[in-house]
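>>> Sequence first, then the predicted structure, then my questions.
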Amino acid sequence: MENNYLNKVYDVSTSDSRELYASWATTYDQEVIENGYATPDRIAKALKEYVSDKSTLILDYGCGTGLSGLALQSVGFKNLDGLDVSKEMVRIAEKKSLYKSLKVFDPDTKIPIYSEQYKIITAIGVIGSGAAPLKVFDDLFSLLPPSGLFAFSFNDHTLGDPIYEEKVEHYVDSGRAAMLHKNYGSHLPKANLKSNIYILKKL
């Protein structure tokens, strides 16, 4: 299968990405799975090492079609809420019955959750080139309670811009967060892409 959308997604601006993801929704799972999409499983397996209570409610931000939810569920996390900007992607996720709550929201408005509602927030393959802007990092982190966990990833395209890693380093160096886990590994191996995965603890 030709990587029609994988070849396009990293070339669009964040303002154009909603339209691309809308048209990609029906073939998204097939395309990324065929390319060995590994980041969700890597984050889920890392996160379980730091969470003793697997019933803790998790916000899967940018849940898309639910592949991240499937990965989290596969390691024992059963209490998931999903949030995404693409109604087309969310329609696919609904069919998988992974989430207790599954909502679509306008990215130009405030994230529709309240402060400290979730002790764990994931943003798997969400922030970066062709996807959500870096501001989302700040917005999500600010919603966590003290000792809350933020699990996220930056792929090779995103890591090519130093502002993303600098953001993470700033949070750690300023004492706002502790780095529990960071690992560089497979993202879409058949497309020759890797990613960094991170787990930050809010201090």
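Everything's here; your move.

>>> where does the chain dip in pLDDT?
1-18, 21 (pLDDT under 70).

>>> remind me, longest strand of it?
Secondary structure of the chain per DSSP state E: the longest strand is strand 177-188.

>>> Outside of it itself, list whatever touches it.
Here strand 177-188 makes contact (Cβ atoms under 8 Å, 6 or more residues apart in numbering) with 6, 32, 35-39, 42, 46, 49-50, 125, 141, 149-150, 153, 155-156, 168, 171-172, 193-203. C-betas here are computed from N, CA, C, even on glycine.

>>> Quick check: buried residues in stretch 31-49?
Residues of stretch 31-49 classed as buried: 31-32, 35, 37-44, 46-47 (neighbour count, 16 or more other Cβ atoms under 10 Å).

>>> Next SSE downstream of the longest helix that the chain contains?
Longest helix in the chain, counting residues (DSSP state H): helix 14-34. Next in sequence after helix 14-34, counting helices and strands by DSSP states H and E, comes helix 39-48.

>>> quick one: that next one to helix 14-34, angle?
90 degrees (axes from the mean of the first three to the mean of the last three Cα atoms, to 10 degrees).

>>> so what does the helix or strand following helix 39-48 touch, helix or strand wise?
For helix 39-48, the succeeding helix or strand toward the C-terminus, using DSSP H and E, is strand 58-61. Other elements packing on strand 58-61 under the criterion 3 or more Cβ pairs under 8 Å, 6 or more residues apart in numbering; DSSP states H and E are helix 67-74, strand 80-84, strand 120-123.

>>> mind pulling up the phi and psi values for F154?
Dihedral pair for F154: phi -130, psi 120, per degrees, to the nearest 10.

>>> Ok, Y99 next?
phi -110, psi 140.

>>> Check whether it really touches L83, as I assumed.
No. Look at Y99 against L83 with Cβ atoms under 8 Å: they stay out of range, at 9.1 Å.

>>> one step back: strand partners of the very next helix or strand once past the longest strand of the chain, parallel vs antiparallel please.
Beyond strand 177-188 on the C-terminal side, the first helix or strand identified by DSSP H and E is strand 193-202. As defined by DSSP bridges, the strand partners of strand 193-202 come to strand 149-155 (antiparallel), strand 177-188 (antiparallel).
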